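Enquirer: Okay, predicted coordinates and the sequence, questions at the end:
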Amino acid sequence: MATLRLILGDQLDPQHDWFAHCDPGVVYVLMEVRQETDYVRHHAQKLIAVFAAMRDFARRLRAAGHRVDYLAIDDPDNRQSLPANLEMLLARHAARRFEYQAPDEWRLDRQLAGWAETLSVPAGMVDSGHFYTQRDEAARLFAGRRQWRMEHFYRRMRERHRVLMDGPGRPVGGRWNFDADNRKAWPGLPREPADRRPVHDHSALWATIRAAGVDSFGEARADAFRWPLNREEALAQLDAFVADGLPHFGDFQDATSRHARRLFHSLLSFALNVKMLRPQEVVDRAEAAWRDGRAPLAAAEGFIRQILGWREYVRGVYWAHMPDYAEANHFGHRRPLPAWFWTGATGLRCVADAIGQSLDDAYAHHIQRLMVIGNFALLAGLDPAALHRWYLGVYIDAFEWVELPNTLGMSQYADGGRLASKPYVSGAAYLDRMGDHCRACRYDRKARTGERACPFNALYWDFLDRERDRLGANPRLALPYRQLERLAPAERRAIGERTATLLAGLDAL
């Protein structure tokens, strides 16, 4: 006469209301299934991280007195899909009721809702209790508006939750946004903080995953794994970031460097997205650090904006526009990803480092994702759906609700401006200003044409030229279009020829 409660791999929140007390009539089920490992090709560390965290969560539930049924990837009873396993588990426990937390991904939401309708026992969905907002809140806020803008949403969130506010309509410091203060290149000092995360050995788990036939890519690092297993480790990581990273995060949040992979970023997105941490506590800790004088206002605001503003906003965009959003392709781009997306073996030093780091660590920070890899992909006309699948698979924190709008909307402008007010593209000048890769690159960052010219330059000007009808009236692109008009006809032809050569040989760059 049990109630069966499903916990998905990104619902590892020990503070959820479900666990407030032990009920012997409730069985919690967690499962490692090929349905979830195989719908895109995942990075090895992402597979290890989710499975290891799920196993630790199940162990802690049992230790707290809860009943748990856990299906490992190699369990002989594992039917490798959620519905098939749930049918088997309902029968195994003679369950009279099924409950689940609201999934964050549209495909799982539809799958579970459709399956629940077929049951002969009552079924119910509860909120995960994780986010500041409801799924449809952004859609209701922007109802009737032609364009959505994160800044408007962010200000509403700040006021509603009284974050960094001196009173109604009065943001601390007299400004809502300190983004203009957070664009410094990193000169090498202050030094990147030491990585305090504990090291785990998941060699046995990785052997099990491989033996089960799960395909993956990237460096496994199973014997020296540093992603958190549980809330305690995630809280320790939050402590370290607030003490060591946040004070300098604002200044250098957009910087890139060959000499520091983490710089002053928190690396908390995995813990947040599998719900070991709640966004409210992370925001509260950042605000407290500023109020206590342990971090500058610009750093605290910039970090808080990513969580209270951007993270909640892209979730609203996702739920408002799915499932059609996944097919968005405003520019009609169809080129396949170059082979070096799977190896990092390209002569473009900034791209090689960003992709190489992604393959090594299952992580790259937002500027590497947006202004290096994503910038190149958009300029080169790569298929946004293929890029989405790569981002979803390669990054340890990538779950579709947050990754898809960031990739298709912010990075590739494939939604035609629903998410972002302009395409985020640049030539080599921006990349050189924010990083140090150009100095170690075989390409000339200042040249537009010729064999040694940085590909970003010709691709940038050619992109603006060929998309003039779609983008020429965008006020945020007025300056580059004026610059384009000043180019001599011979140089514009040379840029077009250089671009054609580059696009014909992307694998060889």
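Expert: Arrived safely, thanks for sending. Numbers count the residues shown, from 1 in each chain.
Enquirer: got the buried residues for stretch 462-477?
Expert: By 16 or more other CB atoms under 10 Å, the buried positions in stretch 462-477 come out as D462, F463, L464, D465, E467, L471, L477. Every residue, glycine included, has its C-beta placed from N, CA and C.
Enquirer: ditto for stretch 397-417
Expert: Here stretch 397-417 shows 397-415, 417 as buried, counting by 16+ other CB under 10 Å.
Enquirer: so how far is that stretch from its chain's centroid?
Expert: Chain-centre distance of stretch 397-417: 9 Å, with CA atoms, centre = their mean, to the nearest Å.
Enquirer: now Q15, what's its secondary structure?
Expert: At Q15 the chain is in coil, as set by DSSP: H, G, I helix; E, B strand; the rest coil.
Enquirer: Name all residues that make contact with the residue nearest to it when sequence neighbours are not counted.
Expert: Excluding the flanking residues, the one nearest Q15 by CB to CB, 6 or more residues apart in numbering is R278, at 7.0 Å. Residues in contact with R278, defined by CB atoms under 8 Å, 6 or more residues apart in numbering, are D13, Q15, H130, L272.
Enquirer: and if you look at R335?
Expert: The contact partners of R335, taken as CB under 8 Å, 6+ apart, are A380, G381, L382, D383, L503, L506.
Enquirer: Tell me the spacing between the last one and H42.
Expert: Right, L506. As defined by CB to CB, to the nearest Å, L506 lies at a distance of 24 Å from H42.
Enquirer: Neighbour count for those two, which is higher?
Expert: H42 (25 against 19; other CB atoms under 10 Å).
Enquirer: wait, the more buried one sits on G393?
Expert: Yes. If you go by CB atoms under 8 Å, H42 and G393 touch, sitting 4.8 Å apart.
Enquirer: Pull up the overlap in contacts between these two.
Expert: Counting by CB under 8 Å, 6+ apart, the residues touching both H42 and G393 are F217.
Enquirer: and the closest residue to P296 other than its chain neighbours, helix, strand or coil?
Expert: Counting by CB to CB, 6+ apart, G250 is the residue found nearest to P296 once chain neighbours are left out, at 5.9 Å. Secondary structure state of G250, per three-state DSSP, is helix.
Enquirer: Just the ones in helices from the buried residues of stretch 397-417, please.
Expert: Those of the buried residues of stretch 397-417 mapping onto helices are E400, W401, V402, E403, L404, per DSSP state H.
Enquirer: what does the average pLDDT come to for stretch 243-250?
Expert: Per-residue pLDDT over stretch 243-250 has a mean of 97.
Enquirer: for stretch 433-442, same thing?
Expert: On average, stretch 433-442 scores 96.
Enquirer: residue ranges for the helices of the stretch 251-400 of the chain, please.
Expert: 269-273, 279-291, 297-304, 312-321, 349-361, 366-367, 375-380, 384-394, 400-404 (DSSP state H, counting those that start in this stretch).
Enquirer: buried residues in the least confident helix or strand in the chain by mean pLDDT?
Expert: In the chain, the helix or strand scored least confidently by mean pLDDT, DSSP states H and E is helix 137-141, which has a mean of 94. Going by neighbour count (16+ other CB under 10 Å), the buried part of helix 137-141 is E137, A138, L141.
Enquirer: Just the CA coordinates for the helix or strand harbouring L479, please, in PDB.
Expert: Using DSSP states H and E, L479 maps to helix 478-486. Only the C-alpha atoms of helix 478-486 are listed here, as PDB (Å, rounded to 0.1, in the frame of the first residue of the first chain):
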ATOM      1  CA  ALA A 478      24.600  51.000 -35.700                       C
ATOM      2  CA  LEU A 479      28.400  51.600 -35.000                       C
ATOM      3  CA  PRO A 480      29.700  48.400 -36.700                       C
ATOM      4  CA  TYR A 481      27.400  49.000 -39.700                       C
ATOM      5  CA  ARG A 482      28.800  52.500 -40.100                       C
ATOM      6  CA  GLN A 483      32.300  51.000 -39.900                       C
ATOM      7  CA  LEU A 484      31.300  48.400 -42.500                       C
ATOM      8  CA  GLU A 485      30.200  51.200 -44.900                       C
ATOM      9  CA  ARG A 486      33.600  52.900 -44.600                       C
END
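Enquirer: I'd like to check the angle between the helix or strand that comes right after it and helix 478-486, please.
Expert: In the C-terminal direction, the helix or strand that comes right after helix 478-486 (DSSP H and E) is helix 489-504. Interaxial angle of helix 489-504 relative to helix 478-486 (axes from the mean of the first three to the mean of the last three CA atoms, to 10 degrees): 110 degrees.
Enquirer: Packing partners of helix 489-504?
Expert: Judged by 3 or more CB pairs under 8 Å, 6 or more residues apart in numbering; DSSP states H and E, helix 489-504 is in contact with helix 455-466.
Enquirer: So for D432, which of the helices of the stretch 251-400 of the chain sits nearest?
Expert: helix 349-361 (9.0 Å; CB to CB).
Enquirer: Can you give the distance of the closest one from its chain's centre?
Expert: For helix 349-361, the distance to the chain centre is 16 Å (CA atoms, centre = their mean).
Enquirer: cool, stretch 144-152 as well?
Expert: Using CA atoms, centre = their mean, the offset of stretch 144-152 from its chain centre is 22 Å.
Enquirer: buried sites along it?
Expert: Buried, per 16+ other CB under 10 Å, within stretch 144-152: W148, M150.
Enquirer: distance between the ends of that stretch?
Expert: This stretch, stretch 144-152, spans 15 Å end to end (CA to CA, to the nearest Å).
Enquirer: got the contact list for it?
Expert: So stretch 144-152 is in contact with 138, 141-142, 176-177, 309-310, 313, 317, 417-419, 421, going by CB under 8 Å, 6+ apart.
Enquirer: rerun that using 10 Å as the cut-off
Expert: 138-139, 141-142, 157, 176-177, 179, 305, 309-310, 312-314, 316-317, 320-321, 409-410, 417-421 (CB atoms under 10 Å, 6 or more residues apart in numbering).
Enquirer: Any quick ChimeraX command for the buried ones out of the residues you listed?
Expert: Buried residues within those, by 16+ other CB under 10 Å, are selected in ChimeraX with:
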select :138,141,142,157,176,177,179,305,309,310,312,313,314,316,317,320,321,409,410,417,418,419,420,421
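Enquirer: Quick check: A440 touching R258?
Expert: Yes. Using CB atoms under 10 Å, A440 makes contact with R258 at a distance of 6.3 Å.
Enquirer: Look at those two and report which has more neighbours.
Expert: Applying other CB under 10 Å to A440 and R258 shows that R258 carries more neighbours, namely 14 against 11.
Enquirer: dump the residue contacts of that one.
Expert: R349, C350, A352, D353, G435, D436, H437, R439, A440.
Enquirer: G435 versus that one, what's the distance?
Expert: 8 Å.
Enquirer: Touching both of the two, which residues are there?
Expert: In contact with both R258 and G435: R349, C350, D353, using CB under 10 Å, 6+ apart.
Enquirer: Out of the residues you listed, which comes closest to A364?
Expert: Distances from A364 to those, taken by CB to CB, are shortest for D353, at 9.0 Å.
Enquirer: That closest one is in contact with C438, isn't it?
Expert: No. Contact criterion CB under 10 Å: D353 and C438 do not qualify, at 11.4 Å.
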